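K.L.:
Need a 3D model of the following:
(chains A, B and C)
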Amino acid sequence: MSRDVAIIGVGLAKFGERWNAGLKELMAEAGLQALEDANLKSDDVEMLYGGTMASGRFMGQEHVAALMSDQLGFKNIPAVRIENACASGGSALRQGYISVASDIHDIVVVGGVEKMTDVTSSEATTALGGAGDQEWELFQGITFPALYAMMAKRHMYEYGTTEEQLAAVSVKNHENAMKNKYAQFHKRLTIDEVMKSKMVSDPLKLLDCSPISDGAAAVVLAPLEIARKYNDTPIKIVASAQASDTLRLAERDNLTSIKATSIAAEKAYKQAGVTPKDINVAEVHDCFTIAEIMAMEDLGFYKKGEAGKAVMNGETAINSKISINTSGGLKGCGHPVGATGVKQAVEAVWQLRGDAGERQVNGAEVALTHNVGGSGATAVVHIYKRAN
Amino acid sequence: MITMEKPSASLWRKIKPRYNLSGNICKNCSTAYFPPRIVCRKCGRNSKMESMTFSGNGEIISFTEIRVPPDTFRDEAPYTVGVVKLDEGPLVEGHILENGIKIDIGTKVKAAFRKMYVDGEEGPIYYHYKFEPV
Amino acid sequence: MLMAGIVGYGAYIPIYRIKVEEIAKIWSEDAEAIKHGLGIIEKSVPGRDEDAATIAVEAARRAIKHSGINSGAIGAIYVGSESHPYAVKPTATVVKEAIQANDRMMAADLEFACKAGTAGIQMAMGLVDSGIIKYGMAAGSDTSQGRPGDALEYTASAGGAAFIIGKEKAETIADIIKTVSFTTDTPDFWRREGASFPTHSGRFTGEPGYFRHVTSATKMLLEDTGFKPSDFSYAVFHQPNGKFPRNVAKMLGFTEEQIAPGLMTPIIGNTYSGSSIIGLAATLDVAKPGDRILLTSFGSGAGSDSFAIEVTENIDAKRAKLVKVRDIADAHKKYIDYSTYLKNRNTIKKR
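P.N.:
Numbers count the residues shown, from 1 in each chain, chains lettered A, B, ... in the order given. Got it, this is the predicted structure:
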């Protein structure tokens, strides 16, 4: 007994080091753009879900959903913060989807925000470390780059994936980010530059890692049946799926894939009635280059061990076999953690509307977003199509 | 954030597993766990957990040298951590000590006893198992 | 005759070494003259993640393994050190927990400069002999600090040993026939509360300090037991450097051969509370049933504990589970330079 849900408006605050903007400025920038895109008044909004991971650690600010609602001029509506580490945004989107699909609310705003640059990088590393098992990972000084580095090393050991293939992910995503005005980086990279960048946690180098970013993103959801009242090209969410796994990396079945991703993806494909082959555009969670390679495999785009070669061959560039991370991904566009999952939906909407400008994927019909929390303890997959 | 980043109770609570790799085993399905779990992953609420101390012997499944540490380890980088498969089954994260033996995936290790983290000038000292290549 | 004896023992020495040359270079000193004068070529240095507690634990775990006893049967743990990690909070409790001993336990930290380890052995002996406990553990471990530029910088090193004391005839690898101590109030070496480095009173540490106490305690022991130096197969004297134990042996009528197996300082430095008992452990490593060993420790402040020890038949059977001191000293040795030494000792000022 559920209703079809559409995205009727999207907005983005530019990602990057936003020295002039705090949480409020970032949220307002993205939120107002989304309201405008949907032709909505603030009073039309019935419910808000706000995704943020560690505003308390980064800014000393909790209670972010009420703050978001307050700043956007929403009057006394229910507002709930969703925290699921780096998958906070994707998880908030799913909660918004559920509340519209279940006929509880009509107009729902889903926002995602993170303001990360007001703390030192080691404080940020510590805050992000909380996405793993604090007692057994962060306590031992095991950082997120280290967890993904151990996945990468094992992937290299089992499948022959190379450091150059990892670097190629970064090069491609930076290339895509060149065409995205909201992206943190507008800097073309070469494989050699990535390979020679400072080692963070071997084999991952600085340019294998997504940056520390400020940013916000917002989408407005409505039941598909009334969506055209607000927007000429509503984008239908045809699948929303999520899975979890052990918080601790070492406790998983293996280190070379993220099981939560494959489970969520399988459910999503089934809901949407599509297969991985049908996906034209995918925004995947490339917090580290190895994460994009694992995502390509776990989402079923490539067989295990084949993704590294595919990136190297250019099969995932814009308008090639499958266009992955057209926005620039977390690596090129930036990774304000709570905003990322919502930003992925924004990019999917732009691609399906044909509004992606220079980075437009020709004939984009089906888009997928993939948002991961921690080292894989949460994965959220959404699939989108243009509404007929 | 120099001193007392964590209250000492958080050390005390985990002394047994941190010092001695004492974990547990589900008597219902014979799956061994380190760190100990309250609920068996396989048996859920039918778990029958009993404590079990691990030998500390195992082999490296993966590893990395951390050059950019969290602030609690700001003076310790670079240091090497790994995922170790204990002989009794479970995989566990831990520091890998330097002792001149070149480490790789598959290198055998045994547990040693070291300081993990010293909380500033006046806070508590956190002792822990670490793994030493053999 | 006492009933208590040694049921098992273990030692631990960190892998890092710094050579006399490397330290001498910094201070423009003559390395050869120092090596000759102190009778030492290099010393051990603790890793950044090691302290007197971790060293005591590693030694204690080896001792448990060697003894073959269940750690749950240990009734007392005494840890002697002049570098306990906490000023207030015991090291002994860390050791107790790390060997999974029973909560029903007597424990305390001891400090008597370099002889706190042997003081712990005496305390454990008393409790075992009186039947209050079945087994007692005494450990001596240190990560001693020598003031940069001071003569002690060449010798102050890191290491430790742990001994398990019991009295079951079937279990003791060596019986302690007699122990006696000589104690006076002598300010030859000290470290005040809060001070980073110990201070010593130069040549005063020699004659009125080390030599007077070591010879007095040893002579008392020989008199009490009626043994002559030649009645001992081996002798171990506290070894603040490579020279003092040789000289004191000569003064007391012991030979180079008797002290050779236990003379570890030339290659590991002075491990303070670990020093004489690491020497005892190295001597037990090579001793045969029936051998007699004389051990005399020295702690500044000052005092000496002297022991007459007789090796039993059980020693050979337990050797399979033993990690020998000289093997420990040789294993994985890694030489470091002076700047790494400063970093390991946490003496680089960062804030």
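K.L.:
tell me the secondary structure for the residue nearest the centre of chain B?
P.N.:
Geometric centre of chain B, nearest residue: B:Gly94, 4.4 Å, by Cα atoms, centre = their mean. Secondary structure, DSSP: H, G, I helix; E, B strand; the rest coil: B:Gly94 is strand.
K.L.:
Helix, strand, or coil at the residue lying closest to it once chain neighbours are set aside?
P.N.:
In space, and not counting its chain neighbours, B:Gly94 is closest to B:Phe131: 4.9 Å by Cβ to Cβ, 6 or more residues apart in numbering or on different chains. Any C-beta I mention is one placed from the backbone N, CA and C, and that applies to glycine too. Going by three-state DSSP, the secondary structure assigned to B:Phe131 is strand.
K.L.:
B:Phe131 pairs with what?
P.N.:
Applying DSSP bridges to B:Phe131 yields these beta-bridge partners: B:Ile96, B:Ala111.
K.L.:
That one: how many residues sit nearby?
P.N.:
Residues lying near B:Phe131 (other Cβ atoms under 10 Å in any protein chain shown) number 30.
K.L.:
Could I get the contacting residues of it?
P.N.:
Going by Cβ atoms under 8 Å, 6 or more residues apart in numbering or on different chains, B:Phe131 touches B:56, B:58, B:60, B:82, B:84, B:94-97, B:109-112.
K.L.:
Could you turn the buried ones of those residues into a ChimeraX selection?
P.N.:
In ChimeraX syntax, the buried subset of the contacts of B:Phe131 is picked out as below (16 or more other Cβ atoms under 10 Å in any protein chain shown):
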select /B:56,58,60,82,84,94,95,96,97,109,111,112
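K.L.:
what separates the nearest residue to C:Glu29 once chain neighbours are set aside from C:Ile41, distance-wise?
P.N.:
Among residues not flanking C:Glu29 along the chain, C:Ile23 sits closest, at 7.9 Å (Cβ to Cβ, 6+ apart). Distance of C:Ile23 to C:Ile41, given as Cβ to Cβ, to the nearest Å: 12 Å.
K.L.:
neighbour count winner among these two?
P.N.:
Legend: neighbour count by other Cβ under 10 Å for C:Ile23 and C:Ile41, higher for C:Ile23 (21 against 17).
K.L.:
Contact partners for the more buried one?
P.N.:
For C:Ile23, the contact set (Cβ under 8 Å, 6+ apart) comprises C:Glu29, C:Glu153, C:Tyr154, C:Tyr338, C:Tyr341.
K.L.:
Please parse chain B into its domains.
P.N.:
By the assignment in automatic domain parsing, chain B contains the domains B:21-53, B:55-134.
K.L.:
most packed of the ones you listed?
P.N.:
domain B:55-134 (a mean of 20; mean count of other Cβ atoms under 10 Å in any protein chain shown).
K.L.:
chain center to that one, what's the gap?
P.N.:
In this view, domain B:55-134 has its centroid 7 Å away from the chain centroid, taken as Cα atoms, centre = their mean, to the nearest Å.
K.L.:
for chain C, what are the nearby residues on chain B?
P.N.:
Proximity of chain B to chain C is confined to B:2, B:15-16, B:19-20, B:22, B:53, B:75-76, B:95, B:97-101, B:112-116, B:125, B:127, B:130 under the rule Cβ under 8 Å from any Cβ of the partner chain.
K.L.:
mind running it again at 7 Å?
P.N.:
For chain B, the residues in contact with chain C (Cβ under 7 Å from any Cβ of the partner chain) are B:15, B:19-20, B:75-76, B:99-100, B:112-115, B:125, B:127.
K.L.:
Tell me where chain B has helices.
P.N.:
Here chain B has its helices, by DSSP state H, at B:8-13, B:15-20.
K.L.:
can you check the stretch 251-388 of chain A too?
P.N.:
A:259-272, A:289-298, A:307-312, A:329-333, A:337-353 (DSSP state H, counting those that start in this stretch).
K.L.:
The second one and chain B, any residue contact?
P.N.:
No. Counting by Cβ under 7 Å from any Cβ, no contacts exist between helix A:289-298 and chain B, the nearest distance being 11.4 Å.
K.L.:
export stretch A:287-305 as CSV, just CAs?
P.N.:
What follows is stretch A:287-305, C-alpha atoms only, in CSV (Å, rounded to 0.1, in the frame of the first residue of the first chain):
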residue,chain,number,x,y,z
CYS,A,287,35.5,7.9,-0.1
PHE,A,288,38.8,6.2,-1.2
THR,A,289,39.7,5.0,-4.7
ILE,A,290,39.5,1.4,-3.6
ALA,A,291,35.9,2.0,-2.4
GLU,A,292,34.8,2.9,-6.0
ILE,A,293,36.4,-0.3,-7.3
MET,A,294,34.7,-2.4,-4.7
ALA,A,295,31.4,-0.5,-5.3
MET,A,296,31.6,-1.3,-9.1
GLU,A,297,31.9,-4.9,-8.2
ASP,A,298,29.5,-5.1,-5.3
LEU,A,299,26.8,-3.2,-7.3
GLY,A,300,27.2,-5.8,-10.1
PHE,A,301,28.6,-3.6,-12.8
TYR,A,302,31.7,-5.7,-13.0
LYS,A,303,32.8,-9.1,-11.9
LYS,A,304,35.0,-9.3,-8.8
GLY,A,305,38.5,-8.3,-9.7
